[in-house]
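Asks: I would like to see how this sequence folds:
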Amino acid sequence: MTVTVVDCATPHTAEVFFRGPMWVDTTVPDVANRNCGKAFPDYTGQPIDGSPYTMTYLVDADQDRTSANPTAPGTLICLVEGANGRPLTGSARH
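Replies: The predicted structure follows:
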């Protein structure tokens, strides 16, 4: 996957709001949703429920989950998107 960095003044699909370490062998959805969910209100100034945003995540790791070292570190990347599916204009950061 390729990610293009753009200025927040330009319409964009998503915005990174949190990055943190994550072990490749963890239960990815549980850990990602917990960590992204904690960081979301700090970044946007509002809870996810009832906000005009939704969140998703990526995990950046240098190996796949079937390699010989499943405990390799990775990076959790949390993204905020428009809940209506439209591009964001401006930053979601409060």
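Asks: for the one helix or strand Gly20 maps to, which helices and strands make contact with it?
Replies: Assigned by DSSP states H and E, Gly20 belongs to strand 14-23. Strand 14-23 sits against helix 28-44, strand 53-61, strand 73-82, with contacts defined as 3 or more C-beta pairs under 8 Å, 6 or more residues apart in numbering; DSSP states H and E. In this view, the C-beta of every residue, glycine as well, is placed from N, C-alpha and C.
Asks: now do the last one and strand 53-61, the angle between them.
Replies: Okay, so that is strand 73-82. Counting by axes from the mean of the first three to the mean of the last three C-alpha atoms, to 10 degrees, strand 73-82 lies at 160 degrees to strand 53-61.
Asks: dump the C-alpha coordinates for strand 73-82 into PDB.
Replies: The C-alpha trace of strand 73-82 is given here as PDB (Å, rounded to 0.1, in the frame of the first residue of the first chain):
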ATOM      1  CA  PRO A  73       7.500  -5.100  16.300                       C
ATOM      2  CA  GLY A  74       5.200  -3.200  14.000                       C
ATOM      3  CA  THR A  75       3.600   0.300  14.100                       C
ATOM      4  CA  LEU A  76      -0.100   0.900  14.600                       C
ATOM      5  CA  ILE A  77      -1.300   3.800  12.500                       C
ATOM      6  CA  CYS A  78      -4.700   5.200  13.400                       C
ATOM      7  CA  LEU A  79      -6.600   7.200  10.700                       C
ATOM      8  CA  VAL A  80      -9.600   9.500  11.000                       C
ATOM      9  CA  GLU A  81     -12.000   9.700   8.000                       C
ATOM     10  CA  GLY A  82     -15.300  11.500   7.300                       C
END
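Asks: which helices and strands sit right next to it?
Replies: Looks like strand 73-82 contacts strand 14-23, helix 28-44, strand 53-61 (3+ C-beta pairs under 8 Å, 6+ apart).
Asks: relative to the last one, what are the paired strands and their orientations?
Replies: So that's strand 53-61. Strand 53-61 sits in its sheet next to strand 73-82 (antiparallel), going by DSSP bridges.
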